[in-house]
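J.: Fold the following.
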Amino acid sequence: MGQVVKFSLIDKIIEIQPGQSIKAIKNLSLAEEYLQDHFPGFPIMPGVMMVESLVQTAAWLMRATEDFKYSVTIMKEAKAVRFNNFVKPGNTLEVECSVHKREDSEWVFKAAGTVNGTSAVSARLTLQQFNLADKNPKMQSSDENRIVKLQELYGALWSSPKGE
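T.: So this is what the prediction gives:
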């Protein structure tokens with residue numbers, strides 16, 4: 001089985017209200033491998049990586065809300081994507097996603113990323129979740145393994161405040 005999340009563009013979940021909203025952060029470091037080519041002499045987080053940070057954050061909200069019922073979460077659509085500022089090494093991208101609409105396994109989010117309170121990226125994202133066994137029952141054990149790995153990663157990203 002391959003990795004569940006090949007690269008995480010979220011370093012920490014700082015707030016979550018299941019079924020409603022989530023806040024997370026990504027600390028951009030010059031050590032990020034993709035910055036070596038984007039761009040030499042002027043390293044900035046690629047736009048696609050900024051959007052992926054939004055997607056990964058929204059996916060964690062879906063998983064936590066559904067108690068990790070599904071092993072796969074994919075982006076179906078990104079609309080109204082706006083890139084408003086650069087994210088440079090040393091910056092912290094603060095990501096906020098809120099549920100706009102929810103129907104069965106498909107969710108629509110309003111998502112935004114800011115650096116020091118200034119908008120860097122925003123989008124309206126549609127994500128879908130499912131299990132591999134839905135189409136191939138032989139994949140049930142793969143679903144179970146993926147879910148365990150996702151729960152472990154979530155435990156590393158989110159530490160609920162005492163009393164919750």
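J.: make it CA atoms for all contacts and neighbour counts henceforth
T.: Fine.
J.: Can you pull out the low-pLDDT segments for this structure?
T.: Scanning the chain for pLDDT under 70 picks out the ranges 1-3, 5, 162-164.
J.: Report the contact partners of the residue most central in space within it.
T.: In the chain, the C-alpha nearest the mean C-alpha coordinate belongs to Gln56, at 1.1 Å (C-alpha atoms, centre = their mean). Contacts of Gln56 were listed using C-alpha atoms under 8 Å, 6 or more residues apart in numbering, and they are Ser8, Leu9, Ile10.
J.: And the second one, its phi and psi?
T.: Right, Leu9. phi -100, psi 20 (degrees, to the nearest 10).
J.: count of neighbours near it?
T.: The criterion is other C-alpha atoms under 10 Å. On that basis, Leu9 has 22 neighbouring residues.
J.: what about it, distance to Ala133?
T.: Distance of Leu9 to Ala133, given as C-alpha to C-alpha, to the nearest Å: 27 Å.
J.: How about Pro46?
T.: Pro46 sits 34 Å away from Ala133, going by C-alpha to C-alpha.
J.: Also Thr57?
T.: Separation of Thr57 from Ala133 (C-alpha to C-alpha): 25 Å.
J.: Settle it for me: which of those two has more neighbours?
T.: Between Thr57 and Ala133, Thr57 has the larger neighbour count (other C-alpha under 10 Å), namely 25 against 15.
J.: thinking that one is in contact with Ile16, fair?
T.: No. Applying C-alpha atoms under 8 Å as the test, Thr57 and Ile16 come out as separate, 10.1 Å apart.
J.: How many residues are close by the residue lying closest to Trp60 once chain neighbours are set aside?
T.: Leaving aside its sequence neighbours, Trp60 sits nearest to Tyr154 (C-alpha to C-alpha, 6 or more residues apart in numbering; 7.6 Å). Tyr154: 16 surrounding residues under other C-alpha under 10 Å.
J.: which residues sit against the strand or helix carrying Tyr154?
T.: Element membership for Tyr154, per DSSP states H and E: helix 140-157. With C-alpha under 8 Å, 6+ apart as the test, helix 140-157 has contacts from 1, 4, 10-13, 60, 68-71, 131-133.
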